[in-house]
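Undergrad: fold the stuff below for me.
(2 chains)
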Amino acid sequence: MQIYNTLTRKKEDLIPLEAGRVKMYACGITVYDFCHLGHARALLTYDIIARYLKYKGYQVLFVRNITDIDDKIINRANERGIDYRDLTKQYIGYFYEDTNTLGLLRPDHEPRATDCIAEIIALVQGLIDKDLAYNVHGDVFYAVRKFKGYGKLSGKNIEELSSGARVDVNEAKRDPLDFALWKAAKLNEPSWDSPWGKGRPGWHIECSAMSMKYLSATFDIHGGGRDLIFPHHENEIAQSEGFTDKPFARYWFHNGFVNINTEKMSKSLGNFKTIRDILQKFPAEVVRFFILSSHYRSPLDYTDQNIFDAVTSLERYYETKKRLKDYCAQGLDPASPEKLGDKIAAFKNDFITSMDDDFNTAKVVGAVFEWVRVWNKLLDEGRALCDDIRVFFNVIEEIHQTLGMFGSDPDVFLTELKNKRVTQTAVSPESIEGLIAERQGARKGKNFKRSDEIRDELLKNGIVLKDHPDGTTSWTVKG
RNA sequence: GGCGCGGUCGCCAAGUGGUAAGGCAAGGCUCUGCAAAAGCCUUAUUCGUCGGUUCGACUCCGUCCCGCGCCUCCA
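TA: Predicted structure coming up:
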């Protein structure tokens, strides 16, 4: 299988260091606020990579960090007048609520920066010992120019960086490009004892320390959002390779952004949608579908229309799944069945081929919908074979293992969707049922005028009625 | 200014040296008291521009235009 490697800017065969075993590290989040859709995308990208590698039979060791000490956390805690630990505890709780709802796999290790202070200090000391870092009154900086490979991941070179530097020049630094490994504590800041006095880790160093601790000096895959390429990942390389003299991560992947109006969704721009806001309106699977419908490296534009389109699509899939389920429950024996065994085998094959090609989830989604059409047609003609349907759903189950989509029970999904939608309307399920009952009476008495009035009235509130041949009426909420 | 990414149907989105998946929307049909819902069918001779390479390019190369990202915290 192939994975796009940011380091070489091309797709490469994935050949793990140890056969059958993949070690991967992903940059997690800084816990001072709710996660937004952009985080969801990054999280989901690692999730499907880990899931798919497991599906392929690899033993996967997956580590993702939580940054629970940094400037923003300290500032936010100060704003709220609370201890920073209470703040991070709170948002870590929300983080797990969100990731659980999204159905994200738990990493094997999910270390927090504050739990790895000893390792961080040892690493910083090692860099000082190797003369790659220097201490200035309790601040420790990495001397970027001493690391020859600096810029290899982001394609930057040191001269251009220094000429274009728009960083506030910190007087303590010997070079504006140098970055902090350890920050001396200011008044009333959280701090830990260190050989350089009280202080706390810089941002980049925790990932070097943790990947070394839980994986090894060299490991297979490392990733995160595109925005981490520089400086974060570049600095991680400098720290880790500077310290160990061994290659750091072998394959680097970076997911594209979620945009709003073609602009990057970010906290600083304030244009973000939190995961929990979206989850309130839509089933989690819709979020997965929305994100996985495009390739992980492409930009993804969030608009209400786009997410509504995603809902409509998924709804169609589950309507069909429900038809198939009901059809097989009837146990009919089709007169002239269409045998699809070979095509279903090809479908499974295509799934693997698509995922092998740099995790092309969008292509998998397309293939699934081709089957939606095939099945509907066969269902209309009464020619579907339940044996085939069962085999088909076995493949769907494998896709579900990897993508976390398409595997739900249709009634469960459709009901959840309906419930989430109805809470967005002004009417209650009880009042809807009441009006439907009234309308049934009107229809029986051929009072179509009243019947239509009720229907129109409900439609104004986004409630769509569906009359069935058996005389019953069900309702759904307009998307 | 430097580095990088992208421009494929009205919208979203795969793809690729051999002639454009899929979804949404739209139109037609089936169904229906009429509807709606659902299903089926149809919908890009064309892939930002202009050149070049090639038997052949949307796919490779170059130009230009447009959009975006990183260079400061950011998934």
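Undergrad: assign whichever residue of the stretch 251-400 of chain A sits closest to RNA strand B to helix, strand or coil.
TA: Residue nearest to RNA strand B within the stretch 251-400 of chain A (C-beta to the nearest atom of the strand): residue A:366, separated by 2.1 Å. Every C-beta, even on glycine, is put in place using the N, C-alpha and C of the backbone. Classification of residue A:366 by DSSP: H, G, I helix; E, B strand; the rest coil places it in helix.
Undergrad: neighbours of it, how many?
TA: 13 (other C-beta atoms under 10 Å).
Undergrad: any low-confidence regions in chain A?
TA: A:163-171, A:479 (pLDDT under 70).
Undergrad: skipping adjacent residues, who's closest to residue A:153 in space?
TA: Closest residue to residue A:153 apart from its sequence neighbours, by C-beta to C-beta, 6 or more residues apart in numbering: residue A:234 at 5.1 Å.
Undergrad: ok, that neighbour - contacts?
TA: The neighbours of residue A:234, taking C-beta atoms under 8 Å, 6 or more residues apart in numbering as the test, are A:150, A:151, A:152, A:153, A:154, A:156.
Undergrad: can you tell me which of those residues are up against RNA strand B?
TA: Contacts with RNA strand B within the contacts of residue A:234, as defined by C-beta under 7 Å from any atom of the strand: A:154, A:156.
Undergrad: out of the contacts of residue A:234, who's the most crowded?
TA: residue A:153 (26 neighbours).
Undergrad: surely that residue is within a helix?
TA: No: looking at residue A:153 with three-state DSSP, it is coil, so not inside a helix.
Undergrad: next up, the contacts around it.
TA: Applying C-beta under 8 Å, 6+ apart, we find residue A:153 in contact with A:6, A:7, A:229, A:230, A:233, A:234, A:237, A:252.
Undergrad: residue A:474 is in what secondary structure piece?
TA: strand A:473-477 (DSSP states H and E).
Undergrad: residues of that strand that come out buried?
TA: Across strand A:473-477, burial judged by 16 or more other C-beta atoms under 10 Å covers A:473, A:475, A:476, A:477.
Undergrad: roughly how far apart are the nearest residue to residue A:156 once chain neighbours are set aside and residue A:300?
TA: Counting by C-beta to C-beta, 6+ apart, residue A:156 lies nearest to residue A:230, which is 6.4 Å off, once chain neighbours are set aside. Residue A:230 sits at a distance of 21 Å from residue A:300 (criterion: C-beta to C-beta, to the nearest Å).
Undergrad: now residue A:252
TA: Remark: distance between residue A:252 and residue A:300 (C-beta to C-beta) = 20 Å.
Undergrad: again, but for residue A:65
TA: Note on residue A:65: its distance to residue A:300, by C-beta to C-beta, is 24 Å.
Undergrad: name the helices or strands packed onto the helix or strand containing residue A:75?
TA: Take DSSP H and E as the rule and residue A:75 turns out to sit in helix A:71-80. Helices and strands touching helix A:71-80, by 3 or more C-beta pairs under 8 Å, 6 or more residues apart in numbering; DSSP states H and E, are helix A:84-101.
Undergrad: close to RNA strand B, is the helix it packs on?
TA: No: Helix A:84-101 lies out of reach of RNA strand B by C-beta under 7 Å from any atom of the strand, never closer than 10.8 Å.
Undergrad: show me what contacts the nearest residue to residue A:324 once chain neighbours are set aside?
TA: In space, residue A:324 comes closest to residue A:389 once its chain neighbours are excluded; the distance is 5.3 Å by C-beta to C-beta, 6+ apart. Applying C-beta under 8 Å, 6+ apart, we find residue A:389 in contact with A:324, A:327, A:328, A:375.
Undergrad: what separates residue A:122 from residue A:131, distance-wise?
TA: Look at residue A:122 and residue A:131: by C-beta to C-beta, they are 17 Å apart.
Undergrad: so how far is residue A:138 from the nearest residue to residue A:133 once chain neighbours are set aside?
TA: In this structure, residue A:133 finds its nearest non-sequential neighbour in residue A:127, 3.9 Å apart by C-beta to C-beta, 6+ apart. According to C-beta to C-beta, residue A:127 and residue A:138 sit 16 Å apart.
Undergrad: domains of chain A?
TA: If you go by automatic domain parsing, the domain ranges for chain A are A:16-277, A:304-410, A:425-477.
Undergrad: phi, psi of the closest residue to residue A:222 other than its chain neighbours?
TA: Closest residue to residue A:222 apart from its sequence neighbours, by C-beta to C-beta, 6+ apart: residue A:249 at 3.4 Å. Main-chain dihedrals, residue A:249, degrees, to the nearest 10: phi -70, psi 150.
Undergrad: follow-up on the earlier one: between residue A:127 and residue A:138, which has more neighbouring residues?
TA: Neighbour count, other C-beta under 10 Å: between residue A:127 and residue A:138, residue A:127 has more, with 27 against 17.
Undergrad: what about that one, which helix or strand?
TA: Using DSSP H and E, residue A:127 sits in helix A:117-129.
Undergrad: so which bits of that helix are buried?
TA: For helix A:117-129, by 16+ other C-beta under 10 Å, it's A:117, A:119, A:120, A:121, A:122, A:123, A:124, A:125, A:127, A:128.
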